[in-house]
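>>> I'll drop the sequence and a predicted model, then ask my questions.
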2 protein chains.
Amino acid sequence: MGNNQVVAGIDIGGTNTVFGFVDREGNILAEDRIKTTHYDDIELYVAALYEKIMKTFEKVPEGYELIGFGIGAPMGNINKGTIEYPAGLPWKGIFPLADLFRRYTSLPVLVTNDANAAAVGEMIYGGAKEMKNFVVITLGTGLGSGFVIDGKLVYGHDGFAGELGHTAIRPGPSNRECGCGRKGCLETYVSATGLKRTLLKIMADSIEPSELRKYSFDELDAELIHQAAKRGDTLAKRAFEHTGQMLGFKLADVVAHTNPEAIFLFGGLALAKELIFEPAKAFMEENLLHIYKGKVKLLPSQLSTQNAAVLGASSLIWTLKET
Amino acid sequence: MGNNQVVAGIDIGGTNTVFGFVDREGNILAEDRIKTTHYDDIELYVAALYEKIMKTFEKVPEGYELIGFGIGAPMGNINKGTIEYPAGLPWKGIFPLADLFRRYTSLPVLVTNDANAAAVGEMIYGGAKEMKNFVVITLGTGLGSGFVIDGKLVYGHDGFAGELGHTAIRPGPSNRECGCGRKGCLETYVSATGLKRTLLKIMADSIEPSELRKYSFDELDAELIHQAAKRGDTLAKRAFEHTGQMLGFKLADVVAHTNPEAIFLFGGLALAKELIFEPAKAFMEENLLHIYKGKVKLLPSQLSTQNAAVLGASSLIWTLKET
């Protein structure tokens, strides 16, 4: 099945919109991109994107049939095919993205957020092929999550299940402001940005030397902190440890909610391997009820990082064919 | 469908095992009980229970067919039909409860925990008849939870989804010891026992008078605190407020995980109505990401409190018929 079929996977980011034609095995047969920021008007954006996609389809080898469009976008709502007040995109409000696409095509168009797309991608092409119950946590600028239960992505009543990044780390006041307008959200601790913020706090409290003291907040990024930690920088290692602990603390909650077989970590921070996995696993286990202890795997995503978002977006369409 | 059929609903509690024959509408046609504590050996217990159940079936009006046994028990595992290290029951270890029943019957036997049973009961007989995505929180001596997603109870990979009572209220050390051996679990704050513990802390810190100062910890119960709060006792009201806030804080997490249409509160504490619902709702809303605000209903369970556990246990069998 799907031998001569491809899906257009589209990842809408704040700067670029990247797309590719993906076969059932996860091979990308052609790809290209447009600048998201070039289009103040979403209708012009969709027109330009669709045109570029169809032009790029000509590069796909002869004989492949295009069977649908899977779109990953911030605040993408699968139930309605909309994007709703997407942070970081040029358009403010609620937009009927799938309907705008349907002006040009009668093929299936599915929209969801990046983390849900990553979860389905893991199931279709990645490390969760044999799993029915698992969770994917995406660690980028923010923290996203996608839940699969009984082999199906959980959308929830309003299409917004899996916003783990915006659960609070503790009741009551917290110092860390979140981009969502509240304080103390998990992603203010556990994300590339959260790691930087934690490093700054540790640097402020400690008098120990660190190679990272010469960088400004704006200059710092997760990769710099990762490299410093690998060279043994104490403060960088401590920042990873705290980040992993906060993640592990909330992963124990995830387990108590849905009792998954595995939790996959996806995205930049996950590349720091044991620096993030070790404290996360230890704190998760410490916070688990005895019936769960030692049973839930914490694994790196098996999607290739380079094209993961496009793969994830494309995977939505295969689930239509297979249920 | 199910017009002349009944299910045996069995609720295994620490003191009594209560059972009843329930029709598809939730009417209990006959009921009785045995003492759980009378049986040190679970095999003798099941033999006695089965005998009493079949004897009681004679009281069900002529013409009804018995179609299965639904059992609610602490740590009941639906996947395996076992009870595993059930706190508060006379037997220690893992017991194949469903298999022990199957020595006597070839009808379906399903075992799950009380909270999952309550969730299915709400869907089959109660306020969630029209809902596909909802959560039931049971507030008794402890706190249990059952999740329904896409019309199906969530069991998870090991059959233990929905142990919200054992998520921690904050990272790091907490003073409140939990029966599970850890500290700071939600149910040490949000449960009949949690309410008492909170009242004692408030009483210790405050110098205000309270009619409850004359009771010992052992004498206090949720009903006494409820009645005092209704009469305007400041400390009792404050204890309810704190309990509701801690519940609301974690309910916001529930929403961010699975985005339900409604959350039902079930059990003794829920009877305190606005004393618990108001602070819970306010704190839940305060901790919700904007996309969820004002969308999730917080509702009292519509199962009759008196027979709720038996109804819940029985409801499992109807789901077998209807999927």
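Ah, there it is. Numbers count the residues shown, from 1 in each chain, chains lettered A, B, ... in the order given.
>>> For A:Glu177, give its distance to chain B.
14 Å (Cβ to the nearest Cβ, to the nearest Å). All C-beta spots, glycine's among them, are computed from the backbone N, C-alpha and C.
>>> what's the closest non-adjacent residue to that residue?
Residue nearest to A:Glu177 in three dimensions, not counting chain neighbours: A:Lys183, with 5.6 Å by Cβ to Cβ, 6 or more residues apart in numbering or on different chains.
>>> Which strands and helices lie in contact with the helix or strand where A:Val136 lies?
Following DSSP states H and E, one finds A:Val136 within strand A:134-139. If you count contacts as 3 or more Cβ pairs under 8 Å, 6 or more residues apart in numbering or on different chains; DSSP states H and E, strand A:134-139 packs onto helix A:114-124, strand A:143-149, helix A:234-258, strand A:262-266.
>>> hmm, 7 Å instead?
With contacts defined as 3 or more Cβ pairs under 7 Å, 6 or more residues apart in numbering or on different chains; DSSP states H and E, strand A:134-139 has these neighbours: helix A:114-124, strand A:143-149, strand A:262-266.
>>> List the neighbouring strands of the second one plus their orientation.
Strand pairing for strand A:143-149, using DSSP bridges, gives strand A:134-139 (antiparallel), strand A:152-153 (antiparallel).
>>> from the chain's centre, how far out does that strand sit?
9 Å (Cα atoms, centre = their mean, to the nearest Å).
>>> ok, residues contacting that strand?
For strand A:143-149, the external contacting residues (Cβ atoms under 7 Å, 6 or more residues apart in numbering or on different chains) are A:113-116, A:118-119, A:123, A:133-138, A:153-154, A:161-162, A:164-165, A:186-187, A:190-191, A:258, B:149, B:154, B:257.
>>> For the residue located most distally from the centre of chain A, identify the helix or strand it belongs to.
For chain A, the largest distance from the centre (Cα atoms, centre = their mean) belongs to A:Ile207, which lies 35.6 Å off. Secondary structure assignment for A:Ile207, by DSSP H and E: no helix or strand.
>>> how close does the residue nearest to A:Ser210 when sequence neighbours are not counted sit to A:Lys214?
With Cβ to Cβ, 6+ apart as the criterion, A:Ser210 has its nearest non-adjacent residue at 4.1 Å, and that residue is A:Leu235. According to Cβ to Cβ, to the nearest Å, A:Leu235 stands 12 Å off from A:Lys214.
>>> Compare those two and say which is more crowded by neighbours.
In this view A:Leu235 and A:Lys214 are compared by other Cβ atoms under 10 Å in any protein chain shown, and A:Leu235 has more residues nearby, 23 against 7.
>>> Test my guess that the more buried one contacts A:Ile207.
No: contact criterion Cβ atoms under 7 Å: A:Leu235 and A:Ile207 do not qualify, at 10.5 Å.
>>> which ones are touching the residue in the stretch 201-323 of chain A that chain B sits nearest to?
With Cβ to the nearest Cβ as the measure, A:Asn259 is the residue of the stretch 201-323 of chain A nearest to chain B, at 2.5 Å. Applying Cβ under 7 Å, 6+ apart, we find A:Asn259 in contact with A:Tyr292, B:Gly156, B:His157, B:Asp158, B:Phe160, B:Ala161.
>>> quick one, strands of the stretch 51-200 of chain A?
In the stretch 51-200 of chain A, the strands defined using DSSP state E, counting those that start in this stretch lie at A:65-72, A:76-77, A:82-84, A:94-95, A:109-112, A:134-139, A:143-149, A:152-153.
>>> what's the closest of those strands to B:Glu62?
strand A:143-149 (42.9 Å; Cβ to Cβ).
>>> buried residues in that closest one?
Going by neighbour count (16 or more other Cβ atoms under 10 Å in any protein chain shown), the buried part of strand A:143-149 is A:Leu143, A:Gly144, A:Ser145, A:Gly146, A:Phe147, A:Val148, A:Ile149.
>>> and these as JSON lines, adding pLDDT?
Below are the buried residues of strand A:143-149 laid out as JSON lines (pLDDT from 0 to 100):
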{"residue": "A:Leu143", "pLDDT": "93"}
{"residue": "A:Gly144", "pLDDT": "92"}
{"residue": "A:Ser145", "pLDDT": "95"}
{"residue": "A:Gly146", "pLDDT": "95"}
{"residue": "A:Phe147", "pLDDT": "96"}
{"residue": "A:Val148", "pLDDT": "96"}
{"residue": "A:Ile149", "pLDDT": "96"}
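>>> Between these, which sits nearest A:Glu241?
Nearest to A:Glu241 among the buried residues of strand A:143-149, with distances taken as Cβ to Cβ, is A:Leu143, at 17.4 Å.
>>> Dig out what that closest one forms beta bridges with.
A:Leu139.
>>> now do A:Pro300
Beta-bridge partners, per DSSP bridges, of A:Pro300: A:Leu265.
>>> In a strand, A:Val6, correct?
Yes: counting by DSSP: H, G, I helix; E, B strand; the rest coil, A:Val6 falls inside a strand.
>>> give me every residue that touches it.
A:Phe21, A:Val22, A:Asp23, A:Leu29, A:Val60, A:Tyr64, A:Leu66.
>>> how much space between it and chain B?
29 Å.
>>> before we move on, the earlier item: now do the strand holding A:Val136 against helix A:114-124, angle only.
On the basis of axes from the mean of the first three to the mean of the last three Cα atoms, to 10 degrees, strand A:134-139 is oriented at 130 degrees to helix A:114-124.
>>> Tell me the buried residues in strand A:134-139?
Buried residues in strand A:134-139 (16+ other Cβ under 10 Å): A:Phe134, A:Val135, A:Val136, A:Ile137, A:Thr138, A:Leu139.
>>> Identify the bridge partners of the first one.
Yep, that's A:Phe134 we're talking about. In beta-bridge terms (that is, DSSP bridges), A:Phe134 pairs with A:Val148, A:Ala262.
>>> That one is in contact with A:Glu261, isn't it?
Yes: at 5.6 Å, A:Phe134 counts as touching A:Glu261 under the criterion of Cβ under 7 Å.
>>> can you pull the contacts of A:Thr234?
A:Glu208, A:Ser210.
>>> what residues does the stretch 101-250 of chain A put near chain B?
A:133, A:147, A:149-150, A:152, A:154, A:156-158, A:160-161, A:163-164, A:166-171, A:180-181, A:246, A:249 (Cβ under 7 Å from any Cβ of the partner chain).
>>> In PyMOL, how would I select the buried members of these?
Selecting only the buried entries of these in PyMOL, with 16+ other Cβ under 10 Å as the criterion:
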select buried, chain A and resi 133+147+149+152+154+156+157+158+160+161+163+164+166+167+168+169+171+180+246+249
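>>> In chain A, where is pLDDT below threshold?
A:1-2, A:322-323 (pLDDT under 70).
>>> What are the boundaries of the helices in it?
Assigned by DSSP state H, the helices in chain A fall at A:42-57, A:97-102, A:114-124, A:192-205, A:222-230, A:234-258, A:274-286, A:308-321.
>>> To B:Gln306, which of those lies closest?
Nearest of the helices of chain A (Cβ to Cβ): helix A:234-258, 29.5 Å.
>>> Taking helix A:222-230 as reference, get the angle to that closest one.
110 degrees.
>>> List the buried residues for helix A:234-258?
Within helix A:234-258, the residues scored as buried using 16+ other Cβ under 10 Å are A:235-258.
>>> swap in stretch A:182-196?
For stretch A:182-196, a neighbour-count test (16+ other Cβ under 10 Å) marks A:182, A:184-196 as buried.
>>> got it, and stretch A:71-79?
A:Ile71, A:Gly72, A:Ala73, A:Pro74, A:Met75, A:Gly76, A:Asn77, A:Ile78.
>>> what sits up against it?
A:10-12, A:83-89, A:97, A:110-114, A:116-117, A:155, A:159-160, A:309, A:312-313.
>>> List buried residues within those.
Buried among these (16+ other Cβ under 10 Å): A:10-12, A:83-84, A:86, A:89, A:97, A:110-114, A:116-117, A:155, A:159-160, A:309, A:312-313.
>>> Noted, bye for now.
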